[in-house]
Structure formats: C-alpha cells, structure tokens
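Chemist: return atomic coordinates for the entry below.
(2 chains)
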There are 2 protein chains.
Amino acid sequence: MKFLSIIDKLKIKPMEWVEKEEGPRFRWLDTRLIPWEEVYRETTDYRRVATAIKDMEIRGAPAIGIAAAYGLALAAFYSDTNDVNELFNVLEEAKKVLAATRPTAYNLFWALDRVMRKAREYMSRGVDSVIRAVVEEAKRIHEEDVRQNMEMGRIGSKLIEDGDTVLTHCNTGALATGGYGTALGVIRASVEEGKNIKVIATETRPLLQGARLTVWELVKEGIDATLITDNMVGYVMYKNLVNKVLVGADRITLDGYVANKIGTYMIAVLSSRHRVPFYVVAPSSTFDLSLEGDNIPIEERSPDEVRSILGKITITVPGVKAVNPAFDITPPSLITSIVTERGIITPPYRENIKRVLSQN
Amino acid sequence: MKFLSIIDKLKIKPMEWVEKEEGPRFRWLDTRLIPWEEVYRETTDYRRVATAIKDMEIRGAPAIGIAAAYGLALAAFYSDTNDVNELFNVLEEAKKVLAATRPTAYNLFWALDRVMRKAREYMSRGVDSVIRAVVEEAKRIHEEDVRQNMEMGRIGSKLIEDGDTVLTHCNTGALATGGYGTALGVIRASVEEGKNIKVIATETRPLLQGARLTVWELVKEGIDATLITDNMVGYVMYKNLVNKVLVGADRITLDGYVANKIGTYMIAVLSSRHRVPFYVVAPSSTFDLSLEGDNIPIEERSPDEVRSILGKITITVPGVKAVNPAFDITPPSLITSIVTERGIITPPYRENIKRVLSQN
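Modeler: Residues are numbered from 1 along each chain as shown, chains lettered A, B, ... in the order given. Reported below is the predicted structural model:
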C-alpha cells in the first residue's frame, strides 16, 4: 500500500485501516489503557467507532475526525446494498450517529462533511464507485493529517529555540492525531532538528491525558519530560521555568477564539501575566469559519469523571455535585500566534486567519 | 474540663488531649483516610506526633502548630526525669524533631517557640511546674485557635453576602485547624448567620484535600458544595460563577506575601483578571514578621505524590521526573484583604499588617 507509506513509517500508530481478505477493518489503540497496557481494538461496525469516540478510546480533535471518516468508510463498505439511494441512507444514518458522539471538536464535523461530499460526487457512478471513493477519502484524510502534522512541526519549530523548556497541556501528540501530533508534533520536530528541548507536561485532570499519554509519548521518544499537576502552572511560571507554551485546539473561530482542553484558558492567563509566548498548533480542519466569539458548544461530561480517578477510586463524598466541562475557551487577545500547516497566523486574527487559510 | 469547653462543643474534633488515669494521650483524626474512613489515632510519644505531621495525617498550618504543641506536652509529661535541666534537654530534642517535619507553615515554629518560652518561665519552679505549664500552654494554644477561628468567622462573614458563591482551595476547615476553620470558618460563620452560600471546592491535587476534606466537611454541615478539578478555576471565573475567593495561608510575611497550598497563586491571578475579590483568612500565628518578599521556604515533597493518586494508582510512566512543591507564593498586589482574628487587613500591607496585629 504505497498510498499510506507515510503512515506506515510512524513510530506510534494510533489508528490503521487494515485490508484483509475477508474485508477491511478499522484498528485503533485504546488510549484509555495507556500507559498501563497497549491494547489495539478492531471493528467492521461504524457504531463501535462511534462508541470508541464517545468513550474516549480515541480522543484528540484530529484523531476524532479521522476515526469518524473511517467510520463512514466501514458503513459504506459493509452497507450490503446494490441500491445507491439505500447506500446514502446508510451513510446519512452513520454520519448522524458519528456526529452525535462529541460536540466540540470541529474536525469531527469537518471530516464527516468532507467524506459525504466526496460520496455525493461519485453518486451517479453507482454503489461500488461510491464505496471506493468513501474509503479512499477516509484514508486521504488520515494521510493528509499526518503530512499536515509534519508540516506544522517544520513550521512551528522555528518558534522553538535550542534550550527551551516548553509547557504543554493535555495530549496533542501521535495519540491525538493521525500519528505525529500538533503541539507535541512541533516539539517532536524541534527535537528531530537537534534542538535540546525540555518539556513540562500538565497531568490534565480529570482524564489525565498529560500524565498518561503525553508523558508516555515523550518517554518513548527520549525527550526530557517533567510531570506537574495542573495547579502548578502558576508556580513554574513564577519561577521562570517555562519559555514557551504550546497547546492544541478542538475548535477555532474565524476571529481566533480557541476551544481546547479544560485548563487551557488558565494557562493562557498565566502566560500573559508572565510574558511567556502562548502558541496554539492546529490544522486548518480545526477552524470553524462559521463561528465568531466565544459561543463554541462546550461538551459537559459526566461528573463521575471528576468525583473519581478514571473510575478506579472515588476521591470525594459519593454523589456530591461536580461540574465537568471538557473544554474552555481562550480569547484571541491571549494567543501569541496560531501554527497551521498553511503557515503561522498572528494577530489581528479576524483578518489573518482567513488570509492564511485561503493561501495554498 | 471546663477549660476546653469550646473544643468539647465542636461538631468535628480533629484533635484532642485526652486525660486518662494512666496518663494523658494525644488523639487525632487521620485525615489521610477521609472521606473513606474516620479513624482516630492515639499516642503518648511525641515522635509519633512528628510522623503524623510529616506524613500529613494532621495537616493545615494551624492544626500543625497545635499538634506540635501537644507533642511538646507529651515529651514533657513522659520525660521521666526529676532533673529540670534533663527535662529541658528532652524538650529541646522534641522541639528539634517536631520542627523538622514541615518547613513552610509558620504556625509550627510559632507554637513550638511559644511553648518553650512558657517552659522557661517556669524553669525555676522545678520539673512538675514546667510539665504542668507546658501541657496547659498546649491546651491554651488549641483553645485559642478555635476562638480565633470563630472570631475570624464573625469578622470575615461581613465580606460575604447572601447569595454568594465562594470558591475555596485545599482544606481550611475543622480538619486544618483546632476545629472550626479559617477560610472555611468564614463560610461556616456566614451560613450560621443565615446567609445562603454556595461553595465551589477545587479538588487540590496532588493530595486532594479539597475533594476529600473540604467536600466532606461541607456535606456534613449541609452546605451547598460543587467539586471542580483545579484546572476548571479559569472556566468558572470566565463564566462568572464565582463572587468571592477565600483561601487560608501557611505563612504570611510582614509585607503581605502569602505562602499557601500549591495552586493558590494561579487562583489569585485569575481572580485579579476577573475582578473577583481574593481574601486570605489566617490567624496572627501565621504571620512571620521576620520575613519580607517572596523568600518563604517552600517544601518540596516526594514526586511519587504527583506520579500517583494517594499511592493507590500510578497515573504515568513509572519513574518519569515530577516536581512537587507543596506551596506557592501569592504577592500582596493580588490580595484584596487578609482576615485575622484582630481585624481585616487591607493594603498597603507593609503598614497595615503591623498596625492591625499589634492592636488588642
């Protein structure tokens, strides 16, 4: 499979489209079990993909988008019909199920729309053509994501100097994308270029993506990593232990409001006070140009995630109220610049986001 | 025991001096096991008290001070000597052991010094007088702490309005003091006055004092409590869900720098940005007038506390680097006012701390 060569070369493969004689399967690493166990799951059922997204076996905005696209590919391949209208009914139903998993990450809707658009392009050519087109488009989205990650790494690494200590939040690495990373991809690229980089990773409660996933990736790559609890960000900035902040994004509006993992806003406020550059790294598929301001839908997850540690220990009085917004919104005034595969976007964002995203 | 009547009336008794026929004992609630189990420990050995402080069975600056004083009382009572110089050798050794437990909370050193001063006052009267004086002084420190807590509650509650939602960090309640609370004491007093108050409690990683202890106290008292992770503070402020912040302190300098549980500084920065009043509540025994600026000694605890949840689950790659400062320092410019048992101190702190603390 020459087409997926860039994916085949990845050190960490969070997702794969596996061709088998009996038909293709979608295979993914269950990130809920990292760092304790590396367990891969497989399915031919798009509903199982939806569950994997909803339950955060697969998480991270770009990864969610790719998985959803593969979900549609499974729905098409296993639709078991010769009628193109029936195939589209199956696809529309699958799209609905996949879109209802998580409301904030824009890449999910972007990927579903892109695959459906491609399907419609091939509608007149019949069922087999549509199925082939849908599968190829999902694979193309995956491949493009990895290429874009690497391009963002190349572009973003210009912002990172030899000797920097970079603070990052949540997981924005291979396990959040097609396989390389957004913010963590920039760190990866900087290290690959020979720069000496240290990373401070916030643990990222409630689901501990920083402690579990980011540290796991950094240790695997031999990158110097230090873990902190989320409430130590003020301390490390006050002590001048951080030179740069790099975070990912789940959705970015046309005027530069960034929805990202809960805690990002707090880090941005501290960065601003301590004059630490605050960079967001995200592919163009994360931008929702239909929205402006801070009215991005924010997912509220189960309070049990706050009242317990990964469902393993209850840490408080059972049943006490808890809130659990999965994301917060950082206003553009706190963002130094946004790294995309099309280039680095600087303020004023309302002008420059459109301009940079529309260039080739 | 008329003397300790105020302590006898407390709903939650974190510590007690128990008189028994075979000799007195110091008894305390092991806060490491809250909210899962209410286990009381007892000892006649000051070294065991030191271990209880070091391992955080007893924690919170005022509670540490009281426990250390009782430690000296045990050392004196069980010194088993008729020679007053030998008794002082025992007391000096006990003071050394108790002082070496935790470096930040000023109340520890304040209480040890106060008991030793009292002992020296009675030195010329012989062993029995010194022992009686030391035991009585420890009980007086306990009694005074509870009275001061209640006085701070009365004074501080003037800052709290009916309908307020107060955010608090770590535990500053009965379990952090002689039995009523500093910041949580102000909340308790406001509720006792009939005000309708809601509380948002941060979980306070790594040791989860907010989730475990503060929520436990609030639920026990029927006060409306909502638990959040530490990284949600920015979100709740951005959403205007908080009217006031109340925190405790482990040490306050003559110019108003406040050492308190890690994460406090971050909350203060966010409060400042969102114009939410940020109040510190602490008795005069927390003020170290020998220090100014931010050079308060900060305890660095084991990285295992960050790499795990209370020693129960490892949440990251074993052995990865982690830092674990137990406290951070909030500069006076971020503090709206400091509530003490002598009154409310407002800026400029260098002037007003001395003035308010020296008044009767």
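
Chemist: and the residue of the stretch 101-250 of chain A closest to chain B?
Modeler: Across the stretch 101-250 of chain A, no residue is closer to chain B than residue A:231, which sits at 2.9 Å (Cβ to the nearest Cβ). C-beta coordinates here come from the backbone N, C-alpha and C atoms, glycine included.

Chemist: my guess is that residue contacts residue B:230. True?
Modeler: Yes - with contact defined as Cβ atoms under 8 Å, residue A:231 reaches residue B:230; the gap is 3.9 Å.

Chemist: give me the common contacts of the two.
Modeler: Each of B:202, B:204, B:205, B:263, B:266 lies in contact with both residue A:231 and residue B:230 under the rule Cβ atoms under 8 Å, 6 or more residues apart in numbering or on different chains.

Chemist: what sits against the closest residue to chain B within the stretch 251-360 of chain A?
Modeler: Scanning the stretch 251-360 of chain A for the residue nearest chain B gives residue A:263, at 2.9 Å (criterion: Cβ to the nearest Cβ). For residue A:263, the contacting residues are A:169, A:170, A:202, A:204, A:230, A:328, B:229, B:231, B:232, B:234, by Cβ under 8 Å, 6+ apart.

Chemist: now with 10 Å?
Modeler: By Cβ atoms under 10 Å, 6 or more residues apart in numbering or on different chains, the contact set of residue A:263 is A:169-170, A:202-205, A:210, A:230-231, A:233, A:247, A:327-328, B:229-235.

Chemist: among those residues, which ones are in helices?
Modeler: The subset of the contacts of residue A:263 located in helices under the criterion DSSP state H comprises A:233, B:233, B:234, B:235.

Chemist: only whichever of those residues are buried, select them in PyMOL.
Modeler: Selection of buried members from those for PyMOL, criterion 16 or more other Cβ atoms under 10 Å in any protein chain shown:
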select buried, (chain A and resi 233) or (chain B and resi 233+234+235)
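
Chemist: closest to residue A:86 among the ones in helices among the contacts of residue A:263?
Modeler: Using Cβ to Cβ, residue B:235 comes nearest to residue A:86 of the ones in helices among the contacts of residue A:263, at 45.0 Å.

Chemist: return the per-residue confidence for the residue in the stretch 1-150 of chain A that chain B sits nearest to.
Modeler: Ranking the residues of the stretch 1-150 of chain A by distance to chain B (Cβ to the nearest Cβ) places residue A:35 first, at 5.2 Å. Each residue has a pLDDT score; the one for residue A:35 is 97.

Chemist: cool, residue A:4 as well?
Modeler: Listed pLDDT for residue A:4 reads 53.

Chemist: in chain A, which helix or strand is least confident?
Modeler: For chain A, scoring each helix and strand by mean pLDDT, DSSP states H and E identifies helix A:5-8 as the least confident one, at a mean of 81.

Chemist: check which residues of it are buried.
Modeler: In helix A:5-8, counting by 16+ other Cβ under 10 Å, buried: A:6, A:7.

Chemist: what's downstream of it, the next helix or strand?
Modeler: Going down the chain from helix A:5-8, the next helix or strand is strand A:15-18, by DSSP states H and E.

Chemist: can you give me the mean pLDDT across that following strand?
Modeler: The model assigns strand A:15-18 a mean pLDDT of 96.

Chemist: now residue A:349, nearest residue through space, not along the chain?
Modeler: Excluding the flanking residues, the one nearest residue A:349 by Cβ to Cβ, 6 or more residues apart in numbering or on different chains is residue A:256, at 3.0 Å.

Chemist: please identify the helix or strand for the one you found.
Modeler: With DSSP H and E as the criterion, residue A:256 is inside neither a helix nor a strand.

Chemist: picking up where we left off before, and residue A:231 and residue B:230? which has more neighbours close in?
Modeler: When residue A:231 and residue B:230 are compared for neighbours, residue A:231 comes out ahead with 31 against 26, by other Cβ atoms under 10 Å in any protein chain shown.

Chemist: which residues does the more buried one contact?
Modeler: Contact analysis of residue A:231 by Cβ under 10 Å, 6+ apart lists A:202-203, A:205, A:263, A:266, B:169-170, B:202-206, B:229-231, B:233, B:261-267, B:328.

Chemist: and the lengthiest helix in chain A, average pLDDT?
Modeler: Longest helix in chain A, counting residues (DSSP H): helix A:127-156. Averaging pLDDT along helix A:127-156 yields 98.

Chemist: in that helix, what's buried?
Modeler: Residues of helix A:127-156 classed as buried under the neighbour-count rule (16+ other Cβ under 10 Å) are A:127, A:130-131, A:133-135, A:137-156.

Chemist: what does stretch A:28-36 give?
Modeler: Using 16+ other Cβ under 10 Å as the test for burial, stretch A:28-36 gives A:28, A:29, A:30, A:31, A:32, A:34, A:35.

Chemist: show me what contacts the fourth one?
Modeler: Spelled out, it's residue A:31. With contacts defined as Cβ under 10 Å, 6+ apart, the neighbours of residue A:31 are A:14, A:38-39, A:52, A:56-60, A:63, A:171, A:175-176, A:207, A:209, A:212-213, A:216.

Chemist: can you flag the buried ones in those?
Modeler: Neighbour counting by 16+ other Cβ under 10 Å classes A:14, A:52, A:56-60, A:63, A:171, A:175-176, A:207, A:209, A:212-213, A:216 among the contacts of residue A:31 as buried.

Chemist: coming back round to it: which residue is the nearest non-sequential neighbour of the residue of the stretch 101-250 of chain A closest to chain B?
Modeler: Once chain neighbours are set aside, the closest to residue A:231 by Cβ to Cβ, 6+ apart is residue B:263, at 2.9 Å.

Chemist: so for that neighbour, what's the pLDDT?
Modeler: With respect to pLDDT, residue B:263 has a value of 98.

Chemist: what is the end-to-end distance of stretch A:256-271?
Modeler: The straight-line separation of the ends of stretch A:256-271 (Cα to Cα, to the nearest Å) is 17 Å.

Chemist: could you do stretch A:155-162 as well?
Modeler: Start to finish, the residues bounding stretch A:155-162 are 15 Å apart (Cα to Cα).

Chemist: one more: stretch A:39-53?
Modeler: 16 Å.

Chemist: quick one: average confidence on it?
Modeler: With pLDDT averaged residue by residue, stretch A:39-53 scores 98.

Chemist: ditto for stretch A:336-346
Modeler: Rounded mean pLDDT across stretch A:336-346 is 98.

Chemist: ditto for stretch A:208-224
Modeler: Stretch A:208-224 shows a mean pLDDT of 97 in the predicted model.
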